[in-house]
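Undergrad: Need a 3D model of the following:
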Amino acid sequence: MIRLYVKCPYCTSVFPSGFQAESPTQLIGFLYLCERCRRIFPCSPPDYLEKVDGEFRRAMKKEEIFALPPPQGVLVSGPDLFSLGGEVFIESGKRLGSNRAIVVFRERKTTKVHSSKQEVIQKIRNKELFKLLKDLVNSFMDALDKPFLPDYGSWYDRIKTLVEGNSSIVAEMLLKRPDLKDEKLSRCLVSTEKFLKFVLKEDLSRKPPHTSTREGYQEELTFFLEKLFKEKDRLLREGFYTSDGLRRAFNELLVKEYLKYEAYLYDDYVSDFLICPLENFVGSTKIDLGHLLTIRKITQDEFHSLVEAEEKYEGKFPESYPEFVLYIPVEGKPNEHIEPVITALRLLREEKVGLTKVYYGYALPCKPWKVLEAPEESKFVRKPEDALYILSEPENKKLVNLLSLLERTKSVGYLTIAMRRFNFAYRRDRLEDRWIDYFVSLESLYSKSSESTEVTHRIATRVSKALADTFEDRMKLNKKMKKWYGIRSRIVHGTQVSLNQREVQEVGEVVRKSLKWFMNQKEYADHDKIIDELDLRP
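TA: This next block holds a predicted model:
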């Protein structure tokens with residue numbers, strides 16, 4: 001048996017695929033999750049590697065794709081990228097996965113399904129509401145059982161027409177679809193009206209973001225039905241079901257989605273939220289940052305919603321799998337919380353961390369998420385060679401303390417400018433640009449607005465006094481700062497300089513320590529006084 005490996009095209013790390021085969025050509029292609037850079041990438045049979053005499057080489061010479069024929073079905077694990085929000089039935093042995101492969105299906109034993117089904121049904125709180133919604137779903141499925149042409153609009157548009165009961169548009173639909181039966185459409189309208197009357201008189205939460213109007217419940221119902229129709233489409237496309245199997249899978253999906261919707265309807269404390277995938281970041285535990293903000297692992301349902309949003313707005317699957325996210329409830333101005341958290345992380349450790357996108361999630365569980373642009377100061381340039389930002393549990397408290405300091409000093413002008421340029425450096429691809437950002441930050445911290453001469457001497461002296469403890473260390477740092485400031489001047493005046501990553505990181509660490517030093521001063525807001533006291537030090 002040959003043990004097979006895969007190579008990440010982004011960071012070039014090689015790791016076991018989780019597969020063994022008598023011949024590599026027995027394998028089908030899979031998507032893989034790189035454990036180092038968290039990128040998602042495909043690996044087809046010609047790309048699998050084997051290890052020979054300590055070196056990796058291609059395990060096959062030509063592309064021949066076969067399904068692996070194991071004697072028994074194997075549980076598929078991993079990020080579950082294409083999962084339909086749960087597990088589906090497949091014939092035993094048709095697919096094989098590993099703990100790193102991202103695959104479509106997950107096998108589940110029939111006996112386990114039947115025992116859990118009754119438990120799930122018992123969780124339903126409002127049986128009458130469930131019956132009304134189930135009848136409504138069945139009527140829509142019966143009426144819209146055949147596919148529409150593209151010019152009929154999206155599932156959302158078609159469903160909304162019937163939910164709102166617009167007679168003229170329904171009549172137009174019948175003209176385009178003469179095969180639709182009047183009585184089937186009438187049943188949709190009647191079941192919708194029954195549902196709306198029931199929810200409007202029922203004792204449900206009316207507190208925002210919940211609705212309290214007929215129009216609001218029509219919109220919620222449209223989103224609920226749209227999700228079910230889309231999921232049914234996916235089940236049909238996979239082609240692994242008999243008609244009975246499809247019916248069972250859909251009924252399970254209906255109950256699962258209903259339970260989410262029901263929980264939302266009765267919960268007074270739900271809110272919309274932001275999910276911010278932390279790139280290049282690995283934590284150890286859930287971190288409570290206060291104000292209901294948390295850093296934690298992404299849930300499976302959240303990742304499915306994220307993938308759905310990427311498909312809808314970007315037309316493709318995400319390139320990476322975010323293991324950890326920043327969760328922010330939408331209250332007031334949620335975006336104002338993002339930059340302080342990213343800044344606190346950057347002040348704590350030197351490894352790169354940041355955002356590329358932010359996702360707006362709705363309290364209504366069936367409503368698709370939106371993809372938002374990440375705030376400017378939270379963005380960063382990530383390179384394959386960058387080390388992972390690994391936050392240990394003892395550092396969690398330090399992170400929370402830094403957030404408190406940032407909150408306390410957020411309106412102080414010189415600190416705001418210095419912090420902004422510190423964050424801008426993370427977005428720069430060129431070392432020279434990062435160097436300039438760092439020194440603009442240092443000038444904002446260590447120079448008075450009235451000073452325009454002897455800048456090099458002043459900054460070098462003040463930095464060494466603030467950050468170095470002994471006379472010897474101060475002299476060393478003073479010398480380095482003068483050298484580094486000279487490089488800054490040559491870059492600004494267009495002279496070519498040779499910089500290396502180590503030097504840039506060293507200057508970045510000086511900026512990091514300086515920002516924390518100023519924020520911890522008792523009279524942090526009185527910039528001139530801090531500078532005067534620093535100048536008086538021996």
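Undergrad: what's the domain layout of the protein?
TA: Annotated domains of the chain cover 2-102, 110-266, 273-393, 411-536 [automatic domain parsing].
Undergrad: want to try JSON lines for the ones you listed, with mean neighbour count as columns?
TA: Glycine gets a C-beta too; all of them are placed from N, C-alpha and C. Output for those, formatted as JSON lines (neighbours: other C-beta atoms under 10 Å):
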{"stretch": "domain 2-102", "mean neighbour count": "16"}
{"stretch": "domain 110-266", "mean neighbour count": "15"}
{"stretch": "domain 273-393", "mean neighbour count": "18"}
{"stretch": "domain 411-536", "mean neighbour count": "16"}
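Undergrad: and of the ones you listed, who's closest to residue 404?
TA: Nearest of those to residue 404, taken as C-beta to C-beta: domain 273-393 at 8.3 Å.
Undergrad: re the thing from before, could you dump the domains of the chain to CSV with distance to residue 399?
TA: Formatted as CSV, those follow (distance: least, C-beta to C-beta, whole Å):
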stretch, distance to residue 399
domain 2-102, 20
domain 110-266, 30
domain 273-393, 6
domain 411-536, 12
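Undergrad: What are the boundaries of the helices in the stretch 101-250 of the chain?
TA: 110-122, 127-143, 155-164, 167-176, 182-201, 214-238, 243-266 (DSSP state H, counting those that start in this stretch).
Undergrad: I'd say residue 398 and residue 348 touch.
TA: Yes: because the distance of 5.9 Å satisfies C-beta atoms under 8 Å, residue 398 is recorded as touching residue 348.
Undergrad: Make a markdown table out of the domains of the chain and add distance to residue 403 and mean pLDDT.
TA: Shown next, in a markdown table, are the domains of the chain (distance: least, C-beta to C-beta, whole Å; pLDDT from 0 to 100):
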| stretch | distance to residue 403 | mean pLDDT |
| --- | --- | --- |
| domain 2-102 | 24 | 60 |
| domain 110-266 | 26 | 81 |
| domain 273-393 | 5 | 90 |
| domain 411-536 | 11 | 94 |
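Undergrad: Residue 16 belongs to a strand?
TA: Yes: counting by DSSP: H, G, I helix; E, B strand; the rest coil, residue 16 is located in a strand.
Undergrad: Of all the domains of the chain, which one is nearest residue 405?
TA: Nearest of those (C-beta to C-beta): domain 411-536, 4.5 Å.
Undergrad: Between the two ends of the closest one, what distance do you get?
TA: 27 Å (C-alpha to C-alpha, to the nearest Å).
Undergrad: One more: stretch 338-356?
TA: End to end - C-alpha to C-alpha - stretch 338-356 spans 12 Å.
Undergrad: same deal with stretch 204-217?
TA: Across stretch 204-217, first to last residue, C-alpha to C-alpha, it's 12 Å.
Undergrad: Repeat that for stretch 37-56.
TA: Start-to-end, stretch 37-56 (C-alpha to C-alpha) is 20 Å.
Undergrad: repeat for stretch 330-339
TA: Using C-alpha to C-alpha, the two ends of stretch 330-339 sit 15 Å apart.
Undergrad: With stretch 33-40 instead?
TA: 5 Å.
Undergrad: next one: stretch 487-503
TA: 11 Å.
Undergrad: chain center to that stretch, what's the gap?
TA: Per C-alpha atoms, centre = their mean, to the nearest Å, the displacement of stretch 487-503 from the mean C-alpha position of its chain is 36 Å.
Undergrad: ok, residues contacting it?
TA: For stretch 487-503, contacts defined as C-beta atoms under 8 Å, 6 or more residues apart in numbering pick out 431, 432, 435, 436, 439, 456, 484.
Undergrad: and the fifth one, what is it in contact with?
TA: Spelled out, that is residue 439. 484, 485, 488, 507 are the contacts of residue 439 under C-beta under 8 Å, 6+ apart.
Undergrad: at 10 Å instead, please
TA: 421, 425, 459, 481, 484-485, 487-489, 491-492, 507, 510-511 (C-beta atoms under 10 Å, 6 or more residues apart in numbering).
Undergrad: Closest to residue 344 out of these?
TA: residue 511 (14.8 Å).
Undergrad: in terms of contact, does residue 370 touch residue 330 like I think?
TA: No: counting by C-beta atoms under 10 Å, residue 370 stays clear of residue 330, with 11.5 Å between them.
Undergrad: Which neighbours do the two have in common?
TA: Joint contacts of residue 370 and residue 330 (C-beta under 10 Å, 6+ apart) are 272, 360, 361, 362.
Undergrad: Next one, pLDDT for the first one please.
TA: Put plainly, it is residue 272. Residue-level confidence at residue 272 comes out at 95, pLDDT.
Undergrad: Just give the closest residue to it, not the sequence neighbours.
TA: Nearest in space to residue 272, with sequence neighbours left out and distances taken as C-beta to C-beta, 6 or more residues apart in numbering, is residue 330 at 4.0 Å.
Undergrad: wait, what's in contact with the one you found?
TA: Applying C-beta under 10 Å, 6+ apart, the residues contacting residue 330 are 209, 271, 272, 273, 274, 360, 361, 362, 363.
Undergrad: re earlier: could you save the contacts of residue 439 as CSV and add columns showing distance to residue 530?
TA: Below are the contacts of residue 439 laid out as CSV (distance: C-beta to C-beta, whole Å):
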residue, distance to residue 530
421, 19
425, 23
459, 14
481, 18
484, 22
485, 20
487, 26
488, 23
489, 25
491, 28
492, 26
507, 21
510, 17
511, 16
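Undergrad: Just the closest of those to residue 4, please.
TA: residue 425 (41.3 Å).
Undergrad: okay but the closest one is in contact with residue 437, surely?
TA: Yes: between residue 425 and residue 437 there is a contact under C-beta under 10 Å: 3.9 Å.
Undergrad: Overlap of the contact sets of the two?
TA: In contact with both residue 425 and residue 437: 507, 508, 511, using C-beta under 10 Å, 6+ apart.
Undergrad: Which one of the residues you listed is nearest to residue 38?
TA: Closest to residue 38, out of all of the shared contacts of residue 425 and residue 437 and judged by C-beta to C-beta, is residue 508, at 23.3 Å.
Undergrad: where does that closest one fall, phi/psi-wise?
TA: phi -60, psi -40 (degrees, to the nearest 10).
Undergrad: farthest-separated two in the contacts of residue 330?
TA: Farthest pair in these, by C-beta to C-beta: 209 and 274, 13.7 Å.
Undergrad: mind giving me JSON lines with the shared contacts of residue 370 and residue 330 and columns for distance to residue 411 and secondary structure?
TA: Listed next are the shared contacts of residue 370 and residue 330 as JSON lines, based on distance: C-beta to C-beta, whole Å; DSSP: H, G, I helix; E, B strand; the rest coil:
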{"residue": "272", "distance to residue 411": "27", "secondary structure": "coil"}
{"residue": "360", "distance to residue 411": "27", "secondary structure": "strand"}
{"residue": "361", "distance to residue 411": "30", "secondary structure": "strand"}
{"residue": "362", "distance to residue 411": "32", "secondary structure": "coil"}
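Undergrad: So which of those is the closest to residue 278?
TA: residue 361 (15.9 Å).
Undergrad: Name whatever forms a beta bridge with the closest one.
TA: Residue 361 has these beta-bridge partners by DSSP bridges: residue 273.
Undergrad: residue contacts, it?
TA: Neighbour list for residue 361: 271-275, 302, 305-306, 309, 327, 330, 367-370 [criterion: C-beta under 10 Å, 6+ apart].
Undergrad: 6 Å - rerun?
TA: 273, 275, 369 (C-beta atoms under 6 Å, 6 or more residues apart in numbering).
Undergrad: cool, residue 242 as well?
TA: Contacts of residue 242 (C-beta under 6 Å, 6+ apart): none.
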